[in-house]
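*Asks:* Fold the stuff below for me.
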Amino acid sequence: NDIGATRPSIVLAFAPKAAGTFLRSAAIAAVGGAFVRTVHAQGGRDASFYLPTFLLYYVANHPARPLVTHVHMQALPANRHFMDALDLKPVIMVRAIPDMLASYADMLDADPHSPDNWLNIRLPQNYAALVTEAKNDFLIDMIGPWYASYFATWLEYAQECPGRVCVLDYDRFIAEPVAALESLLAHAGMPHPREICQTALDAVWENRADFRFNKGVSGRGHARFTPTQLARLARQLDFYPNPAAIRDRLIPPSASSPARAPSRAA
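*Replies:* Numbering: from 1, shown residues only. Here you go, the predicted structure:
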């Protein structure tokens, strides 16, 4: 822990399609940080930290600016040991899994070949030619289990080490993005005033398409997937006890909540 306490860092361990790239960019703008790829090999959704990168940061002061990283990583034992050893303070985002899968589907439809660089799952060669129902089956049955395991591991870690993990909520972020940015910066040990956070968000918002911010709405998963498909996804989550307390947030029972876009207002 001693070496990790020498310099603060921002670690966003968001699941794919949870506004991680957008908030990462806002955090960089707010603290004047440097985005660093901190995994041992760029690519692969189940990321593992690369120790030499962190030693360069702590010992060699490289980069000189605050380190900001964003990894699609589960809180599996090896990753937990690494974060404990270096006193890293990760941040995660809770978002409805069907909505994330719907956003994921949009990405695959736009460019079905791009995920080859970072998915730990083989996309069928004929994915682009599949009918929507078959694509949805693939998303639920093949990609859905990763999301279930992701939340199970992180929520367990957060329960056992509440001061280490900051858990943000996507709908609250949508309603109050400034508060979300303030929370994650304070958790990382780099608190900044609300005005600076607002300025950073405004700057990033102007170029949000470059930061993979898609539709940013809640409830779209229920419009894409059938009740049977959603029931299969819920069954995956039911294997783990930890997400039970927020199950309705991870798999909402209905799409009755109005869809909203992020507000730029303070």
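*Asks:* hang on, residue 40 packs against residue 48?
*Replies:* Yes: A contact is recorded between residue 40 and residue 48 when judged using C-beta atoms under 8 Å, the distance being 5.8 Å. Yep, even glycine has a C-beta here, placed from its N, CA and C like the rest.
*Asks:* Between the two, which has more neighbouring residues?
*Replies:* Ranked by neighbour count (other C-beta atoms under 10 Å), residue 40 and residue 48 place residue 48 first, with 17 against 13.
*Asks:* Report the contact partners of that one.
*Replies:* 39-40, 73, 78-79, 82 (C-beta atoms under 8 Å, 6 or more residues apart in numbering).
*Asks:* And the strands in this structure, which stretches?
*Replies:* Under the criterion DSSP state E, strands of the chain are mapped to 9-12, 34-35, 67-70, 90-94, 166-169.
*Asks:* any chance of the ones you listed in a markdown table, with mean neighbour count too?
*Replies:* Shown next, in a markdown table, are the strands of the chain (neighbours: other C-beta atoms under 10 Å):
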| stretch | mean neighbour count |
| --- | --- |
| strand 9-12 | 25 |
| strand 34-35 | 16 |
| strand 67-70 | 24 |
| strand 90-94 | 24 |
| strand 166-169 | 19 |
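*Asks:* right, so of those, which gets closest to residue 61?
*Replies:* Closest of the strands of the chain to residue 61 is strand 67-70, at 10.6 Å (criterion: C-beta to C-beta).
*Asks:* Report all helices and strands that that closest one contacts.
*Replies:* Using 3 or more C-beta pairs under 8 Å, 6 or more residues apart in numbering; DSSP states H and E as the contact test, the elements touching strand 67-70 are strand 9-12, helix 20-31, strand 34-35.
*Asks:* Show residues contacting the last one.
*Replies:* This means strand 34-35. By C-beta under 8 Å, 6+ apart, the residues outside strand 34-35 that reach it are 24, 28, 63-70.
*Asks:* Just send those residues back as a markdown table, with distance to residue 243 too.
*Replies:* Output for these, formatted as a markdown table (distance: C-beta to C-beta, whole Å):
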| residue | distance to residue 243 |
| --- | --- |
| 24 | 24 |
| 28 | 30 |
| 63 | 36 |
| 64 | 40 |
| 65 | 36 |
| 66 | 32 |
| 67 | 30 |
| 68 | 27 |
| 69 | 25 |
| 70 | 22 |
